[in-house]
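J.: model the following, please.
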Amino acid sequence: MAMDDLLDNLNEDQLAAVTHETGPLLVFAGAGSGKTRVITCRIAWLMRERHVPPDRFLAMTFTNKASEEMKHRVQTYVGEGPHWMGTFHSVCLRLLRIYGARLGLPGGFVVYDDGDSEVLLRRILREQGLGRERFAGVASWIDRLKNDGVLEPPEPESRQDAECAAVMKAYQEALRAAGAVDFGDLLCLTAQLLREHEDVRLELAQRFDHILVDEFQDTNLVQYEIVRLLLNPQRDICVVGDDDQSIYSWRGARVSNILDFVKDFPDATVVTLRNNYRSRTPILRAATQVVSRNIRRREKTLLAVRGGGEPVLVHGAFDEVQEAAFVVRNVARALADGTPPSRVAVFFRTNAQSRVFEDAMRNRGIPHRVVGAVRFYQRKEVKDV
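T.: This next block holds a predicted model:
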């Protein structure tokens, strides 16, 4: 694809972000504003117009799907994607495979997934004489420390903290004895590597001319520390995110990372993507009214490119059964008015909520398909019953 054609498809805000020359760049990208296009076009523009080699980029996001999509788009634009593009965990794993010996890691160390970690932690709880009901609390306690880059528990302030600290110490020792690390260790050990081995940090900082981070509002303390430790002297970093979409504080995400970015980088260029290509005006206006009540946020006004639409209807139901009945009545009405079934969608917050809607659909005789999950009555445990 010709670069002119690529840039012609960008709006004014997107173009400013894509063609930013050098120094820190913060992009506030509201929902549906084309942030993936901005990241991928920026990489393509730097490769094509500024002749940055593909092995000089470090691009990180939070899911393998997002990483693969971005890599595919860049390849479509310029024929080759960045050599270092992946999730935070995959990038850290790759670095530890290269430099892990500096921290005493065996060459063939294994990575425990969530299931492996749970089995090990439950075993240690039994050995420490703690009941199985303590698992969730202890696991959360350990996870909070690792989200902050801490592998050595601090001095306990309570009996409960002392018990958690003892479990964590035994857990980390068991991981080492097995030649293993868990997902949290991948981040913590990478940060430790960069802090304690200046030669490694300088080598990597000189390797990467440009660092790009997607969904920056979801980064935790240790992830942000890793990013800053990897910066080159020119500090060519581009972070893209939306503080209004920060929903992972319960797992360590710090929205302050994006809100305070300009404090850490006073010379940063800030671009706000104002055009929303996904939602119509009433939906966007309603969402803005809700999120504007957040205690701390970046003020922004998004514009619905698609224009007007049906007003948003808010309905308060007595319980989930009445809620489902109301939704399905509206589905039935839409179908009766000639709306194709493929144009009707029902969203719910968690898969556990699907049953009540499935029951209501079945009772009305409305054919339906559950996307991204197994139908309640097709789940193995339900069929067994």
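J.: what values do phi and psi take at residue 276?
T.: phi -100, psi 120 (degrees, to the nearest 10).
J.: make that residue 84, sorry
T.: Torsion angles, degrees, to the nearest 10, at residue 84: phi -120, psi 90.
J.: checking the closest residue to residue 84 other than its chain neighbours next. Helix, strand or coil?
T.: Nearest residue to residue 84 in three dimensions, chain neighbours excluded: residue 58, at 4.6 Å (Cβ to Cβ, 6 or more residues apart in numbering). (Glycine included, C-beta is placed from N, CA and C.) Secondary structure, DSSP: H, G, I helix; E, B strand; the rest coil: residue 58 is strand.
J.: neighbours around residue 58, how many?
T.: Number of residues near residue 58 (other Cβ atoms under 10 Å) recorded here: 22.
J.: wait, it sits on residue 91?
T.: Yes: the criterion here is Cβ atoms under 8 Å, and residue 58 meets it with residue 91 at 7.1 Å.
J.: mind listing the shared neighbours of the two?
T.: Common contact partners of residue 58 and residue 91 (Cβ atoms under 8 Å, 6 or more residues apart in numbering): residue 84.
J.: which parts of the stretch 251-385 of the chain are strands?
T.: Listed from the start of the chain, the stretch 251-385 of the chain has strands (DSSP state E, counting those that start in this stretch) covering 269-273, 275-276, 303-304.
J.: any idea of the pLDDT on residue 293?
T.: At residue 293, the pLDDT value in this model is 87.
J.: residues near it, how many?
T.: 7.
J.: for residue 255, see how far away it is.
T.: 15 Å (Cβ to Cβ, to the nearest Å).
J.: so which residues of the stretch 151-300 of the chain form helices?
T.: 159-177, 183-196, 198-207, 221-229, 256-259, 261-264, 281-291 (DSSP state H, counting those that start in this stretch).
J.: got the contact list for the closest residue to residue 124 other than its chain neighbours?
T.: What sits nearest to residue 124 in space, not counting adjacent residues and going by Cβ to Cβ, 6+ apart, is residue 170, at 4.9 Å. When contacts are counted by Cβ under 8 Å, 6+ apart, residue 170 touches 124, 127, 128.
J.: switch to 10 Å and redo it
T.: Neighbouring residues of residue 170 by Cβ atoms under 10 Å, 6 or more residues apart in numbering: 120, 121, 123, 124, 125, 127, 128.
J.: so after whichever helix or strand residue 115 is part of, what's the next helix or strand?
T.: Residue 115 belongs to helix 114-127 when assigned by DSSP states H and E. Sequence-wise, the next helix or strand downstream of helix 114-127 (DSSP H and E) is helix 135-147.
J.: quick one: least confident helix or strand in the protein?
T.: helix 380-384 (a mean of 44; mean pLDDT, DSSP states H and E).
J.: helix, strand or coil for residue 16?
T.: helix.
J.: skipping adjacent residues, who's closest to it in space?
T.: residue 271 (5.1 Å).
J.: before we move on, back to that, list buried residues within the contacts of residue 170.
T.: 120, 121, 124, 125 (16 or more other Cβ atoms under 10 Å).
J.: report the two of the residues you listed separated the most.
T.: Spanning the widest gap among these are 120 and 125, at 9.9 Å by Cβ to Cβ.
J.: do you know how far the nearest residue to residue 144 once chain neighbours are set aside is from residue 258?
T.: Using Cβ to Cβ, 6+ apart and skipping the chain neighbours, the partner closest in space to residue 144 is residue 252 (6.6 Å). To residue 258, residue 252 is 14 Å away according to Cβ to Cβ.
J.: more neighbours, the two?
T.: Taking neighbours as other Cβ under 10 Å, residue 252 and residue 258 compare with residue 258 leading, 26 against 20.
J.: hang on, isn't that one packed against residue 246?
T.: Yes: judged on Cβ atoms under 10 Å, residue 258 makes contact with residue 246 at a distance of 7.7 Å.
J.: anything in contact with each of those two?
T.: 215, 216, 217, 218, 219.
J.: from these, pick the one nearest residue 302.
T.: Nearest member of those to residue 302, counting by Cβ to Cβ, is residue 217, at 15.6 Å.
J.: gap between the closest one and residue 257?
T.: For residue 217 relative to residue 257 (Cβ to Cβ), the value is 7 Å.
J.: the spatially closest residue to residue 270 that is not a sequence neighbour: what secondary structure?
T.: Leaving aside its sequence neighbours, residue 270 sits nearest to residue 26 (Cβ to Cβ, 6+ apart; 4.9 Å). Secondary structure for residue 26, judged by three-state DSSP, is strand.
J.: many thanks, we can stop here.
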